[in-house]
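Enquirer: Predicted model follows, preceded by the sequence.
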Amino acid sequence: MVPTTKKELRRLVSDTTVEMYEELTPELIRLINETKSNGSLTETQKQDEILLHMVGYVKSCTNEIIIEVLSEILGVGD
């Protein structure tokens, strides 16, 4: 669906955002769990690593949202 109004574009972006965050969440959880169980890191290092994982997660989601929405609008396939 190619949006023709801002409302349709918002809906497309919002739907894609929810989809991407849900799709990538299991990977974030896996990384966080691995970090928490890493006995070679101090608690501070673990928190730093988890913060980096979360920043990377948001970045990855944002990139995927942009790619998905633009591909939908431009009719670009896989």
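Expert: Received, thanks. Bear in mind the structure is a predicted one, so any value in this text is a computation, not a measurement.

Enquirer: May I see the buried residues of stretch 57-66?
Expert: The neighbour-count check on stretch 57-66 (16 or more other Cβ atoms under 10 Å) flags 57, 60-61, 64-65 as buried. The C-beta positions use only the backbone N, C-alpha and C, and glycine is treated the same way.

Enquirer: now those in CSV, with pLDDT?
Expert: Formatted as CSV, the buried residues of stretch 57-66 follow (pLDDT from 0 to 100):
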residue, pLDDT
Y57, 97
S60, 96
C61, 97
E64, 96
I65, 97
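
Enquirer: In strands only, show me these.
Expert: Assignment to strands by DSSP state E places none of the buried residues of stretch 57-66 there.

Enquirer: Looking at these, which are in helices?
Expert: Judged by DSSP state H, helices contain the following of those: 57, 60-61, 64-65.

Enquirer: Test my guess that L9 contacts D15.
Expert: No. Checked against Cβ atoms under 8 Å, the pair L9 and D15 is beyond contact range at 10.9 Å.

Enquirer: in which helix or strand would I find E23?
Expert: For E23, the host element (DSSP states H and E) is helix 6-36.

Enquirer: That helix packs against which elements?
Expert: helix 43-74 (3 or more Cβ pairs under 8 Å, 6 or more residues apart in numbering; DSSP states H and E).

Enquirer: what's the angle from the helix it packs on to helix 6-36?
Expert: Interaxial angle, helix 43-74 versus helix 6-36 (axes from the mean of the first three to the mean of the last three Cα atoms, to 10 degrees): 150 degrees.
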